[in-house]
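Peer 1: attaching a predicted model along with its sequence, questions to come.
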Amino acid sequence: MPLNIIPLTVDPETLFRMEQSDQPVVVYECKLQGEPCGMSMEGTTGAVSTHLRGHGITGPDSAITTCTWGGCYKTLKKGSMARHILTHLSVKVRCSVCGVVKCRHDLLRAHIKSSESCNLAIADNVHGPGGHVLVPTSWAIAHMNQVQSL
């Protein structure tokens, strides 16, 4: 199976975290309108929040701002912006016990808390269709060694 290698610009913190954990990460291209940054970010609220700060979206969580992701232009509180952008990315979470899928972690936590059979469940990430998987260097080297031995 051929590899589809796409050049991506990812912040060094994400790359460092990926290499340290030796686990792949899924990143998404920034589609905020205005001055394009050309960066890709992880599909987590923390990573999206950090990325938004790089775009100058700062201030108190109660401040009103406008989403410009792909021409959205929805008005919302700054504190909700990262979660809102995850909806644009189609990132969701799945209950590890019953498989129910929710669009936000807080909704899945409520499901787990209210379901006796799922009370020991964990949240599995469901990546959106526009995500790109980045693999640590060790994985790439192992894959190259496998290809060369064929």
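Peer 2: Now that the structure is in, tell me what you want to look at. Numbering: from 1, shown residues only.
Peer 1: so T65, which state does it fall into?
Peer 2: Classification of T65 by DSSP: H, G, I helix; E, B strand; the rest coil places it in strand.
Peer 1: quick check, C67 in contact with S80.
Peer 2: No - counting by C-beta atoms under 8 Å, C67 does not reach S80; the two are 9.3 Å apart. Any C-beta I mention is one placed from the backbone N, CA and C, and that applies to glycine too.
Peer 1: so which of these two has more stuff around it?
Peer 2: Between C67 and S80, counted using other C-beta atoms under 10 Å, the more crowded position is C67 (20 against 14).
Peer 1: show me where pLDDT drops low in the protein?
Peer 2: Residues of the chain meeting the criterion pLDDT under 70: 1-5, 143-150.
Peer 1: quick check: closest non-adjacent residue to the residue most central in space within it.
Peer 2: Residue closest to the average C-alpha location in the chain (C-alpha atoms, centre = their mean): G43, at 0.6 Å. Leaving aside its sequence neighbours, G43 sits nearest to V91 (C-beta to C-beta, 6 or more residues apart in numbering; 4.1 Å).
Peer 1: so what's the residue count around the one you found?
Peer 2: 24.
Peer 1: now for C67 and S80: what residues contact both?
Peer 2: Here C67 and S80 share no contacting residue, scored by C-beta atoms under 8 Å, 6 or more residues apart in numbering.
Peer 1: spit out the contact partners of E19.
Peer 2: Residues counted as contacts of E19 (C-beta under 8 Å, 6+ apart) are P136, T137.
Peer 1: rewinding a little: the residue nearest to G43 contacts P129, correct?
Peer 2: No - assessed by C-beta under 8 Å, V91 is found out of contact with P129, at 10.2 Å.
Peer 1: which non-adjacent residue is nearest G54?
Peer 2: C37 (7.0 Å).
Peer 1: and the strands in the chain, which stretches?
Peer 2: Along the chain, counting by DSSP state E, strands occupy 25-29, 40-42, 64-66, 75-77, 92-95, 101-102, 123-126, 132-134.
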